[in-house]
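Asker: Fold the following for me, if possible:
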Amino acid sequence: MPLVRCPITATIARPGETGEVVIMPLRNWAMPLLRYAIGDFAEVGECSCGHGLPALRRIMGRTRSMVRLPNGDEFYASFQDLLTGFDMIRQFQVVRREAEALEMKLVAPRELAAEEAARLPEVQRERFRHPFAVSFSYVDDIARSEGGKFEDYRDETDSA
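Answerer: Residues are numbered from 1 along each chain as shown. Coordinates of the predicted model:
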């Protein structure tokens with residue numbers, strides 16, 4: 001049975017809230033009740049069947065995708081709509097190598113025009129809730145993780 005809890009207070013999330021997914025096997029009578037934090041974040045919703053138990057409305061991403069701001073605040077940044085209006089960008093990845101700076105790797109057939117490039121830092125500041133310095137690099141491909149998954153955000157700072 002999955003449940004979603006707030007990673008800070010460890011309280012169970014209510015419908016509409018986001019938290020860390022914890023799995024509890026309920027059918028193993030030989031073992032004590034264990035809770036496994038599996039490293040995913042999800043949004044809780046109400047089950048449409050009406051049985052009263054919470055359901056996962058949306059999987060947000062992995063714990064390692066949490067953005068940690070220089071002031072210590074943490075949040076999960078959703079990137080699904082980050083590039084709305086930037087149709088020429090086929091793929092992107094936000095990489096944080098320094099506490100105050102982000103690099104945006106872009107796979108695109110051309111470099112962004114000056115006015116397009118000027119809009120992206122504004123979008124990122126709104127999304128990240130912090131005025132990071134933003135740089136761009138144009139690449140032919142963005143490598144997958146060792147497990148073969150694409151990560152739209154990677155934190156390579158020492159605090160990650």
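
Asker: Give me the average confidence score over stretch 82-91.
Answerer: The pLDDT scores in stretch 82-91 average 81.

Asker: Neighbouring strands - and their directions - for the longest strand anywhere in the chain?
Answerer: Scanning the chain for the strand with the most residues, using DSSP state E, yields strand 36-46. Sheet pairing of strand 36-46 (DSSP bridges) gives strand 18-23 (antiparallel), strand 54-62 (antiparallel).

Asker: out of those, deepest packed?
Answerer: strand 18-23 (a mean of 19; mean count of other Cβ atoms under 10 Å). From N, CA and C alone the C-beta is placed, and that goes for glycine too.

Asker: what's that one in contact with?
Answerer: The contact list for strand 18-23 (Cβ atoms under 8 Å, 6 or more residues apart in numbering) reads 1-7, 13, 35-44, 56, 59-60, 63, 76.

Asker: C-alpha coordinates for that strand, PDB please?
Answerer: Extracted in PDB, the C-alpha atoms of strand 18-23 (Å, rounded to 0.1, in the frame of the first residue of the first chain):
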ATOM      1  CA  THR A  18       3.000  16.500  -2.600                       C
ATOM      2  CA  GLY A  19       5.300  14.300  -0.600                       C
ATOM      3  CA  GLU A  20       7.600  11.300  -0.600                       C
ATOM      4  CA  VAL A  21       6.100   8.000  -1.500                       C
ATOM      5  CA  VAL A  22       6.400   5.300   1.100                       C
ATOM      6  CA  ILE A  23       5.400   1.700   0.400                       C
END
